[in-house]
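Novice: just to be clear, the model below is a prediction. Sequence and coordinates:
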Amino acid sequence: MAKAAWVTGGASGIGAAVSRRLASQGYRVLVTDVDVSGGEAVAAEVGGVFRRCDVREPADSLAAVEAAVAEFGGLDLAFLNAGVATGFGLEEGFTPEAYRRVMSINLDGVVYGVHAALPALKARGGGNIVATASLAGLTAVPFDPIYGANKAAVVGLVRALGPLYAPAGIRVNALCPSFAETAIIKDVRDVLVGSGVPLLEVSDVVAAFDAILAGSGTGEAWYVQVGRPAEPFAFRNVPGPRTEAGDKAPSADPSVQITAFREN
C-alpha cells in the first residue's frame with residue numbers, strides 16, 4: 001500500500017515543491033490550501049487530491065485528514081507548512097485583528113493540524129509530522145517580532161511533542177529555513193537582497209525536508225541556511241536546580257516528562 005501524505009499550504013512555494021517530491025517517492029498526496037486554483041493545479045500535477053483548507057479553522061484540518069483516510073486508506077505524514085508573513089510590529093500597523101490572523105495561521109494552524117493528524121497516524125502504527133517554522137524561531141527577530149514569536153512557538157511545540165509521541169512511533173520535527181525564494185517574501189525581497197541577505201533556493205528546503213524524513217530523531221528543529229548542510233539546531237539545556245549548598249538537586253522520577261527542568 002502506498003504511503004499517504006497531507007500537505008498544508010501546498011498550492012505554491014515550499015508546500016508545492018514538497019508535494020512534488022513526495023509524489024516522486026511514491027506517496028499519495030492530499031494537497032490543501034485556501035488557494036483553490038493553485039492547489040488543484042498542484043494536486044493534478046502530482047496525481048493527488050485537493051481539498052480547500054483554512055488552517056485557522058479546526059474543522060477544516062479534521063476534514064482534510066478525513067479526506068486523506070477516505071481517499072488513501074490512512075495517513076503516514078502530515079507536513080504542516082501553511083504560513084504567512086507578518087509585516088508589522090507592535091506600534092504602527094498593529095491591530096488585534098491583524099495579530100490574530102498571523103498567529104492563527106502560523107501557530108494555531110500547526111496546533112490544529114497536529115490534533116487532526118494524530119489519530120490517523122496512530123492508526124497506521126506511527127508516522128511523521130513536520131511543521132514549517134523558520135530561522136526566526138531560533139533567534140531574536142527585532143525587525144519582525146510577532147513573526148519571530150509565532151515561529152518560536154512552533155519550535156517549542158515541536159520540541160515538546162517529539163518525546164511525548166515517540167512511544168507511539170510518531171516523529172515530530174520542525175523545518176526552520178532562512179529566507180527562501182517564495183511568494184511569502186515578495187514584499188521584503190528587495191530589502192533583503194539590498195541588504196546582502198542571501199536567499200535559499202526552494203530545492204535546498206526540500207532537501208532538508210528529505211533529510212528529516214531520512215533521519216531517526218524527533219523533537220528536532222532543523223535549520224536551513226545558505227551554504228551550510230541542514231541539521232538539527234543544538235539547543236543548550238537550561239540550568240538545572242541546586243540545593244542551598246550548591247549541590248545538584250536529587251533526581252526526579254524519570255517517568256515524569258519534565259526532564260528539561262532538572263538537567264544541567
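Specialist: Received the coordinates, thanks.

Novice: contacts and neighbour counts: CA atoms only from here.
Specialist: Noted.

Novice: in the stretch 1-150 of the chain, which spans are strands?
Specialist: Secondary structure of the stretch 1-150 of the chain by DSSP state E, counting those that start in this stretch: the strands cover 4-8, 28-33, 49-52, 77-80, 127-132.

Novice: turn the ones you listed into a markdown table, columns for mean pLDDT and distance to residue 65.
Specialist: Converted to a markdown table, the strands of the stretch 1-150 of the chain look like this (pLDDT from 0 to 100; distance: least, Cα to Cα, whole Å):
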| stretch | mean pLDDT | distance to residue 65 |
| --- | --- | --- |
| strand 4-8 | 98 | 7 |
| strand 28-33 | 98 | 9 |
| strand 49-52 | 98 | 10 |
| strand 77-80 | 98 | 9 |
| strand 127-132 | 98 | 13 |
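
Novice: could you point out the longest strand of the protein?
Specialist: Using DSSP state E, we find that the single longest strand of the chain is strand 170-177.

Novice: what does it contact?
Specialist: By Cα atoms under 8 Å, 6 or more residues apart in numbering, the list of residues contacting strand 170-177 from outside reads 121-122, 126-137, 154-155, 158-159, 161-162, 165, 200, 205, 208-209, 212, 216-225.

Novice: quick one, it and strand 127-132 angle?
Specialist: Orientation of strand 170-177 against strand 127-132 (axes from the mean of the first three to the mean of the last three Cα atoms, to 10 degrees) gives an angle of 20 degrees.

Novice: strand 170-177 pairs with which strands, and in what direction?
Specialist: strand 127-132 (parallel), strand 221-224 (parallel) (DSSP bridges).

Novice: dump those into TSV; add distance to residue 44 and mean neighbour count as well.
Specialist: Listed next are the strands paired with strand 170-177 as TSV, based on distance: least, Cα to Cα, whole Å; neighbours: other Cα atoms under 10 Å:
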stretch	distance to residue 44	mean neighbour count
strand 127-132	23	26
strand 221-224	29	27
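
Novice: okay, the ones you listed in a markdown table with distance to residue 51 next?
Specialist: Formatted as a markdown table, these follow (distance: least, Cα to Cα, whole Å):
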| stretch | distance to residue 51 |
| --- | --- |
| strand 127-132 | 19 |
| strand 221-224 | 28 |
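
Novice: list buried members of the contacts of strand 170-177 by neighbour count.
Specialist: 121-122, 126-137, 154-155, 158-159, 161-162, 165, 200, 205, 208-209, 212, 217-225 (16 or more other Cα atoms under 10 Å).

Novice: which of these fall within helices?
Specialist: 121-122, 154-155, 158-159, 161-162, 165, 205, 208-209, 212 (DSSP state H).

Novice: quick check: the farthest pair among those residues?
Specialist: 122 and 205 (27.3 Å; Cα to Cα).

Novice: tell me the confidence at residue 15?
Specialist: With respect to pLDDT, residue 15 scores 97.

Novice: again with residue 197
Specialist: Residue 197 is given a pLDDT of 71.

Novice: helix/strand/coil for it?
Specialist: coil (DSSP: H, G, I helix; E, B strand; the rest coil).

Novice: and the gap between it and residue 152?
Specialist: Using Cα to Cα, to the nearest Å, residue 197 is found at 21 Å from residue 152.

Novice: those two: which is more packed in?
Specialist: Each of residue 197 and residue 152 had its neighbours counted (other Cα atoms under 10 Å), and the higher figure belongs to residue 152 (21 against 14).
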